[in-house]
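*Asks:* Sequence and predicted structure below; questions after.
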Amino acid sequence: MAKAVLSALMENQCGHDLVVLSAILSVLNTSLFLKSVPPEMKSVDGDFMTLLKVVNKLLSERERFGIREFRLDLFCQTRGKLMSVRHVLNRAVRRYDALQKSFKKPSVYAKKAQISSGDWEAIAKSLLKGYGNNVYVSMKQLYGRNHRFVRYHSNKEKYAVMDHHSTLSRSKNLPPIPIVFARDVRYSSSVRAHAVLSFIGRLQSSWLQMHIERKTNINVFEEYELNTGGLLNNVTSFYSDVQMQANQHVLTLQGPSGSVIEAERALIQKLVRTQNFPLTNDVPITKPDDHKRMDRNLKSVTKMTKIFNPMIWRWKNEGQVKVTITTGVGAATCDVNIEGRDSQYHSVKNEIESFKNWLKDSAVIRHPDAIVLPRIIKQPMRKSCLDIEERISHVTDSKRTTIDLWNGLRGSKATRETRMEVVAWIVVCQFECHVEGGFVRDWIVGHYQARPAGNPSTWVTYRTNTAGDQVPELSKELVPTDLDCHLPVHKYFDLDKFLDFLHKYQIEYSYVREGWRYIFLLDEHAKTGPFMMDLIEPHVALTHDRIDFDVNNLSLEKDYTKELGMRVDTRPRPYSIDLEAIVDNIKHKHFQLLRPTDHTINNRIQKMISRGWTKTGTDLNFIPNPPPRCDAIVVPVPQIADIYQSIVQQLQNNVGIQVKVHSIVQIKNPSLEEAYLAIKQLIAKECVGGNPNERLLFHGTSGTSIDGILNDGFDDRYFAVFVVYPK
């Protein structure tokens, strides 16, 4: 502050203003004082001018009434909330009187200390002499995260947020102040990666003269546009005092900080462009079933583009990228428009392509509102499941206290599983995610635990993904292994806020971002042992319409403290698998297969068996119901599947060894299924022992009759001696 006062006295002709500010700031440790300032005394230029207005008003009132007649209590009472900070103002006035007394002594500063300009530019330039290293620029101006500021005079990116008590603090719906400086840059143990700016003033870039160097990463196309496209020369002509070059995928700017700010902002703005691409069906028409399935799924997507909202909000908030996804001209196309830098365009496109790959393999994309609400386990089973309800509440009860959470993390009974519960509670109760899969099966319901031999540090290995990132993997002997979480479709998931929660509770973490999910490794060096968590984007989660085992069909939701939900509805016939059946299977370590086997499913089966589980019941192929206005769908059966090999063998045995099978698909037609099951039930009533003597038959046909079977069932008019008939 001394440097700022000296600059005001000798250079900027505002000595008295800085003396007043010095007096009030010397008695303020926090910005809570600003909360008590009446709105009419707040300044659009920030906290410094607000404080100056308050103290100047107080001093003018004291001068008008005289020191003996002036009553500070009356002054504060007539100005609302100032009464709560009366003691601060009293100390500030006493400090001001002491400073004035020292400046009235004969010196070169005596007269200059009485000059008051009230000009924010002069005052700001004086303050910059003392706080010039605390200049922060809104990342929104540099196409970064909204309402986040970056220290501009540092080679290392140091981030900060604005103190919410500041007069310059804005709601998230309003644009932030472009350039500010702060008296205090505070770091808190509860804040992970950014500081809090306290006592803030608004700046103009032309007031900044410190020489700095800025570096920004760019891609090949952006470097080409800057150099060959003439963007660099164009901006250089406006900012001749800034040295600019784009080389080796780095944009470097050197010069006075004010000019560098404007030049960087202008260059990035010129790199922003609108690009678009269609989300279309690129499955070859030579694969008719796959092509039709993709076409049908895309039609569903065009009617619920809101599933992309969380992704759109994320890019808008974190990169100032405007993404719009609208229904295209065709019946099964979407138009994706992206306004941002070329590097951002390719990142968004990669995410959409990742979703597209999932969509190709999806039988039916689920509607975001088509859910099976959680419910309590029915009696009499519930009597034996009270421990399950307690563990459910550890994850879903939003009323759990901080003490409860710390006990789960550091208490005398804290374990790896209780620490997993705390992380699950954060994502469920603070971010409204759904927790599904193995953690619910193994820990919440089954209460199973298993540890590999050896030190916990040996439980983690790494693989390299297609992007070249090192992705962690845990030992298959660990039970439970990880948390599978689906991000909410109706709400923006703030990753930084989530990381702040982990930091607050001292949970060690690292993560990798892939096109459709975040992969977290947590507690890597904790004594209790590491665990992992997948946070899956909601639009991708909706493509996960199939399920491998019945015991993996459970989920947890916020504030359902005793209830279990189901990922997909397996209650209707022919599956008839309700919540109680799933819980009973988990308790006895039994599981039922709900889709044809392939390499992935076989590995999962072997993994379950190695953990002591037993595969029971008839293998089923769960296929979700077709979307509205669609009678039937077909789903391919993998060649490696047991049912595929069985059908091929039966065909060759009954028709001939020369039979070549190109593909096998399974039909899902709910209307025909209900009719068949009803007739089967009627026939069973007339049979001895209630056995309808059901047999699997072959039916041969060709041409349009194939679709007839799909939509209307078998046509018994073709059952004759001289045609291929059921056998």
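*Replies:* Noted; the coordinates are in hand.
*Asks:* Okay, the closest residue to Glu477 other than its chain neighbours and Ser610: tell me how far apart.
*Replies:* Once flanking residues are discounted, Glu477 sits nearest to Pro452: 4.0 Å by CB to CB, 6 or more residues apart in numbering. Yep, even glycine has a C-beta here, placed from its N, CA and C like the rest. Pro452 sits at a distance of 12 Å from Ser610 (criterion: CB to CB, to the nearest Å).
*Asks:* Which residue of those two possesses the greater neighbour count?
*Replies:* Pro452 (15 against 10; other CB atoms under 10 Å).
*Asks:* Check whether that one really touches Leu474, as I assumed.
*Replies:* No. Contact status for Pro452 versus Leu474: not in contact, 9.0 Å apart, counting by CB atoms under 8 Å.
*Asks:* Show me whatever sits in contact with both of the two.
*Replies:* Taking CB atoms under 8 Å, 6 or more residues apart in numbering as the criterion, Pro452 and Leu474 both touch Trp459.
*Asks:* any low-confidence regions in the chain?
*Replies:* Where the chain drops to pLDDT under 70, the residues are 155-157, 188-193, 715-727.
*Asks:* Give me the residue at the spatial middle of it.
*Replies:* Per CA atoms, centre = their mean, the C-alpha nearest to the average position across the chain is that of Phe493, at 3.5 Å.
*Asks:* circling back: what sits against the residue nearest to Glu477?
*Replies:* Thr458, Trp459, Ser475, Glu477, Leu478.
*Asks:* Among those residues, which are located in strands?
*Replies:* Secondary structure from DSSP state E places none of the contacts of Pro452 in strands.
*Asks:* Buried subset of those, written for PyMOL?
*Replies:* Paste this into PyMOL to select the buried members of those, with burial taken from 16 or more other CB atoms under 10 Å:
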select buried, resi 459+475+478
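*Asks:* about what we covered before: the residue nearest to the centre of the chain against Met311, yeah?
*Replies:* No. The criterion here is CB under 8 Å, and Phe493 misses it with Met311 at 9.8 Å.
*Asks:* before we move on, back to that, going by distance to Val5, which of the contacts of Pro452 wins?
*Replies:* Trp459 (59.5 Å; CB to CB).
*Asks:* Wait, the closest one touches Lys476, no?
*Replies:* No. Using CB under 8 Å, Trp459 makes no contact with Lys476, being 10.2 Å away.
*Asks:* ok so, going back, please identify every residue contacting each of Phe493 and Met311.
*Replies:* Shared contacts of Phe493 and Met311, defined by CB under 8 Å, 6+ apart, are absent.
*Asks:* Who's the closest spatial neighbour of Arg71, skipping the chain neighbours?
*Replies:* In space, Arg71 is closest to Phe65, 7.9 Å off (CB to CB, 6+ apart).
*Asks:* Kindly report the same for Ile377.
*Replies:* Closest residue to Ile377 apart from its sequence neighbours, by CB to CB, 6+ apart: Cys385 at 5.1 Å.
*Asks:* what helix or strand does the nearest residue to Lys35 once chain neighbours are set aside sit in?
*Replies:* Leaving aside its chain neighbours, Lys35 sits nearest to His165 (5.2 Å; criterion: CB to CB, 6+ apart). His165 belongs to no helix or strand when assigned by DSSP states H and E.
*Asks:* contacting residues for His165?
*Replies:* Each residue near His165 by CB under 8 Å, 6+ apart is listed here: Ser31, Leu32, Leu34, Lys35, Ser198.
*Asks:* related to what we said a few turns ago, what's the residue nearest to Ile377 sitting at in phi/psi?
*Replies:* phi -120, psi 20 (degrees, to the nearest 10).
*Asks:* and if you look at the one 4 residues further on?
*Replies:* The phi/psi pair for Glu389 (degrees, to the nearest 10) reads phi -60, psi -40.
*Asks:* count of residues packed around the closest residue to it other than its chain neighbours?
*Replies:* In this structure, Glu389 finds its nearest non-sequential neighbour in Lys562, 4.3 Å apart by CB to CB, 6+ apart. Using other CB under 10 Å, Lys562 has 18 other residues around it.
*Asks:* Kindly report the same for the one 10 residues further on.
*Replies:* Applying other CB under 10 Å, we find 13 other residues in the vicinity of Pro572.
*Asks:* before we move on, what SS does it have?
*Replies:* Applying DSSP: H, G, I helix; E, B strand; the rest coil to Pro572 yields a three-state assignment of coil.
*Asks:* For it, give its distance to Asn669.
*Replies:* Per CB to CB, Pro572 is found 13 Å from Asn669.
*Asks:* what do the two both touch?
*Replies:* Joint contacts of Pro572 and Asn669 (CB under 8 Å, 6+ apart) do not exist.
*Asks:* for the stretch 351-500 of the chain, what spans make up the strands?
*Replies:* 372-375, 434-436, 460-464, 470-474, 482-486 (DSSP state E, counting those that start in this stretch).
*Asks:* show me the residues around Val427 that make contact.
*Replies:* Applying CB under 8 Å, 6+ apart, we find Val427 in contact with Cys433, Val435, Leu483, Cys485, Phe498, Met533, Leu535.
*Asks:* Max pairwise distance over those residues: which two?
*Replies:* Farthest apart among these by CB to CB are Val435 and Phe498. That separation is 14.2 Å.
*Asks:* more neighbours, the two?
*Replies:* Using other CB under 10 Å, the more surrounded residue of Val435 and Phe498 is Val435, with 27 against 22.
*Asks:* Could you find the closest non-adjacent residue to the more buried one?
*Replies:* Distances taken as CB to CB, 6+ apart place Leu556 nearest to Val435, at 4.5 Å, with adjacent residues excluded.
*Asks:* Can you read off the backbone torsions of the one you found?
*Replies:* phi -120, psi 140.
*Asks:* ok, it to Lys172 distance?
*Replies:* 29 Å.
*Asks:* Between the two, which is the more surrounded one?
*Replies:* For Leu556 versus Lys172, neighbours defined as other CB under 10 Å are more numerous around Leu556 (26 against 8).
*Asks:* How many neighbouring residues does Ala414 have?
*Replies:* When neighbours are counted by other CB under 10 Å, Ala414 comes out with 18.
*Asks:* Contacts only, for it.
*Replies:* Going by CB under 8 Å, 6+ apart, Ala414 touches Asn407, Gly408, Thr528.
*Asks:* For the spatially closest residue to the first one that is not a sequence neighbour, give its distance to Val445.
*Replies:* Spelled out, that is Asn407. Nearest residue to Asn407, sequence neighbours excluded (CB to CB, 6+ apart): Ala414, at 7.0 Å. With distances taken as CB to CB, Ala414 is found 21 Å from Val445.
*Asks:* do Val242 as well
*Replies:* 63 Å.
*Asks:* Pro278 - that's part of a helix, no?
*Replies:* No. Pro278 is assigned strand when assessed by three-state DSSP, not a helix.
*Asks:* Specify the beta-bridge partners of it.
*Replies:* Pro278 forms beta bridges with Asp335, as assigned by DSSP bridges.
*Asks:* didn't Val471 look like it was pressed against Ser510?
*Replies:* No. Between Val471 and Ser510 there is no contact under CB under 8 Å: 10.7 Å.
*Asks:* who's more crowded, these two?
*Replies:* Between Val471 and Ser510, counted using other CB under 10 Å, Val471 has the larger neighbour count: 15 against 11.
*Asks:* circling back: ok, the residue nearest to Glu389 - contacts?
*Replies:* The neighbours of Lys562, taking CB under 8 Å, 6+ apart as the test, are Ile376, Glu389, Ile392, Ser393.
*Asks:* and which of those is nearest to Ile179?
*Replies:* Taking those together and measuring to Ile179 by CB to CB, the closest member is Ser393, at 48.3 Å.
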